[in-house]
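Trainee: could you look at this predicted model? Sequence included:
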Amino acid sequence: MRKSRTIYVGLDVHKDSIAVAYAPEDRDAEVRYLGPIGTRQCDIDQLVRKLHSKGGELIFAYEAGPCGYGLFRYLSKKGLRCLVVAPSLIPRKSGDRVKTDRRDAVQLARLLRSGDLTSVAVPEPGDEAIRDLCRAREDSMADLKAAKFRLESFLLRHDIRYTGKADWRPAHLRWLAEVVCPIPAQQIVFQEAVRALTQAFERVERLELLLRDQASSWRLAPVVEALQALRGVQVTVAVTTVAELGDLTRFSRPAQLMSYLGLHPSEHTSGVNRRQGGIAKTGNGHARRVIVEGAWAYRYPAKVSRQIQERQESLPEPIRDIAWRAQVRLCQRFRTLMARGKHPNVAVTAVARELSAFMWSIAKQVPIAHEQGANHDVVLRDREGARPGVRRNPRERYEAARTLVSRQRKAPDGYQ
């Protein structure tokens, strides 16, 4: 039997098992199901040896899911091609109501061979770590909101009312410390709710400090600092956006970034009838949320405030120019949409869509260095020439990153 030059392997990955199917390069060849294997590295190595006996080059694909990117990184480390596929973009038959591990693996192998799968951008380990920290902060904010709601519900249920504005500022918190319930059991519930609220506040504050500290030594820190030149984009918004999207320049044009964020309008067109609805809400919802939050700052007239000026003072002139053009256009855009009678949420979402384009434009101005193994931070610091423990200001880091990327581009093959 003649060996196929390329073998396309579909993997249906689970916590304790992986269903495997492969398709030879010949389009008329049948897709074969190998069965389930374990998830240990020795099981993967045995599978690779078995498939190498059937063909030359191996190309793997599995769906993005809760098992993460460990399998992708292990196969890539062995020099094998692997795609992590977006589950929402896998072609499916509307009439197919049967789903099994075998069918999923066979379908992945068949679609991989035909080129109908769309892969996702796999973050580097350092980028994924910052993203995990951003999502931990987001989870802590959700816990804080839930703790506030539980405490407010308890007070309302027992008709204990605060005369001022319940904004959780010091005056409100001092009033909570003076509340006494008439029944001891109710007082216990109240004190536990207040303690849970205090712990939630402390956790949010702790994670925000850790996020700032970790982002300062991140390889994408120059991009984070450059994005803060924009109005409404401070540290949290900038770090979350970059952590969720990675290198913004991987999008060839701003429209692709808008589509990835799900900020483009949905549409249902049939014949001469065209109907556009709300935004599609596809792609990354975490980044979309923080960008929309930042877009609310453009409700007011264009102005370089003291805080914005402090964030911009160490950034290059081209980035400051882009930030000012963004202010002029987006503030005018919001006023125009409001004058047309649009709902404020609709106007802000339209502003957020264009704000993402200005973010992309600024990211194009900032060169970044890619990770080179686990000791990336040491390598980057040594090449920049900075002493350990000494932090550069944003302009120095911007110029150091530009120099480093320039050296990488001029490096001979194998040096990178």
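Mentor: Arrived safely.
Trainee: which SS class is Val180?
Mentor: Three-state secondary structure (criterion: DSSP: H, G, I helix; E, B strand; the rest coil) places Val180 in coil.
Trainee: ok, it - how many residues close by?
Mentor: Counted with other C-beta atoms under 10 Å, the burial measure for Val180 works out to 8 neighbours. For every residue, glycine as well, the C-beta is placed using N, CA and C.
Trainee: phi, psi of it?
Mentor: Backbone dihedrals for Val180, given as degrees, to the nearest 10, come out at phi -130, psi 120.
Trainee: could you do the one 3 residues further on as well?
Mentor: Geometry field for Ile183 lists phi and psi as phi -110, psi 130, criterion degrees, to the nearest 10.
Trainee: swap in Thr269?
Mentor: With angles defined as degrees, to the nearest 10, Thr269 shows backbone torsions of phi -120, psi 130.
Trainee: residues making contact with stretch 318-338?
Mentor: Residues from elsewhere that reach stretch 318-338, judged by C-beta atoms under 8 Å, 6 or more residues apart in numbering: 226, 229-231, 295, 298-304, 308, 312, 344, 346-348, 350-351, 354-355, 358, 361-362, 365-366.
Trainee: just the buried subset of the residues you listed, written out for PyMOL, thanks.
Mentor: Here is the PyMOL selection string for the buried members of the contacts of stretch 318-338, based on 16 or more other C-beta atoms under 10 Å:
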select buried, resi 226+229+230+231+295+298+299+308+312+347+348+350+351+354+355+358+361+362+365+366
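Trainee: please name the nearest non-neighbouring residue to the residue nearest the centre of the chain.
Mentor: The central residue of the chain, meaning the one whose C-alpha is nearest the mean C-alpha position (C-alpha atoms, centre = their mean), is Glu244 at 1.5 Å. With C-beta to C-beta, 6 or more residues apart in numbering as the measure, Ala287 is the residue that lies nearest to Glu244, at 4.0 Å, once sequence neighbours are left out.
Trainee: list the residues that contact the one you found.
Mentor: When contacts are counted by C-beta under 8 Å, 6+ apart, Ala287 is found next to 240-241, 244-245, 261.
Trainee: in helices, which of those fall?
Mentor: Among these, the subset assigned to helices under DSSP state H consists of 240-241, 244-245, 261.
Trainee: hang on, the earlier thing: I'd say the residue nearest to the centre of the chain and Asn284 touch.
Mentor: Yes: A contact is recorded between Glu244 and Asn284 when judged using C-beta atoms under 8 Å, the distance being 5.1 Å.
Trainee: would you map the strands across the stretch 151-300 of the chain?
Mentor: Using DSSP state E, counting those that start in this stretch, the strands of the stretch 151-300 of the chain run over 265-270, 273-279.
Trainee: save the ones you listed as CSV, and put in mean neighbour count too.
Mentor: What follows is the strands of the stretch 151-300 of the chain, written out as CSV (neighbours: other C-beta atoms under 10 Å):
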stretch, mean neighbour count
strand 265-270, 10
strand 273-279, 10
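Trainee: of all those strands, which one is nearest Tyr69?
Mentor: Comparing the strands of the stretch 151-300 of the chain by their distance to Tyr69 (C-beta to C-beta), the top pick is strand 273-279, with 28.1 Å.
Trainee: report all helices and strands that that closest one contacts.
Mentor: Here strand 273-279 touches strand 265-270, going by 3 or more C-beta pairs under 8 Å, 6 or more residues apart in numbering; DSSP states H and E.
Trainee: got any ranges where the stretch 201-350 of the chain has weak pLDDT?
Mentor: By pLDDT under 70, the stretch 201-350 of the chain contains no weakly predicted segment.
Trainee: so for Arg137, what's the nearest residue that isn't a sequence neighbour?
Mentor: Leu207 (4.3 Å).
Trainee: Leu151 too?
Mentor: Distances taken as C-beta to C-beta, 6+ apart put Ala193 closest to Leu151, at 4.4 Å, once the chain neighbours are dropped.
Trainee: surely that neighbour touches Phe149?
Mentor: No: contact criterion C-beta under 8 Å: Ala193 and Phe149 do not qualify, at 10.2 Å.
Trainee: so which of the two has more stuff around it?
Mentor: A count of neighbours by other C-beta under 10 Å puts Ala193 above the other of Ala193 and Phe149, at 19 against 10.
Trainee: quick one, what contacts that one?
Mentor: Contacts here follow C-beta under 8 Å, 6+ apart; on that basis Ala193 touches 147, 150-151, 154.
Trainee: and if you look at Val85?
Mentor: 61-64, 108, 117-120.
Trainee: now do Gln214
Mentor: Under the criterion of C-beta under 8 Å, 6+ apart, the contact partners of Gln214 comprise 129-130, 133.
Trainee: can you pick the most crowded of those residues?
Mentor: Of all the contacts of Gln214, the most densely surrounded is Ile130 (23 neighbours; neighbours counted as other C-beta under 10 Å).
Trainee: how many neighbours does the residue nearest to Ala363 when sequence neighbours are not counted have?
Mentor: In space, and not counting its chain neighbours, Ala363 is closest to Leu248: 3.8 Å by C-beta to C-beta, 6+ apart. When neighbours are defined as other C-beta under 10 Å, Leu248 has 23 of them.
Trainee: ok, Leu248 - contacts?
Mentor: Taking C-beta under 8 Å, 6+ apart as the contact definition, Leu248 lies against 223, 242, 257, 359-360, 363-364.
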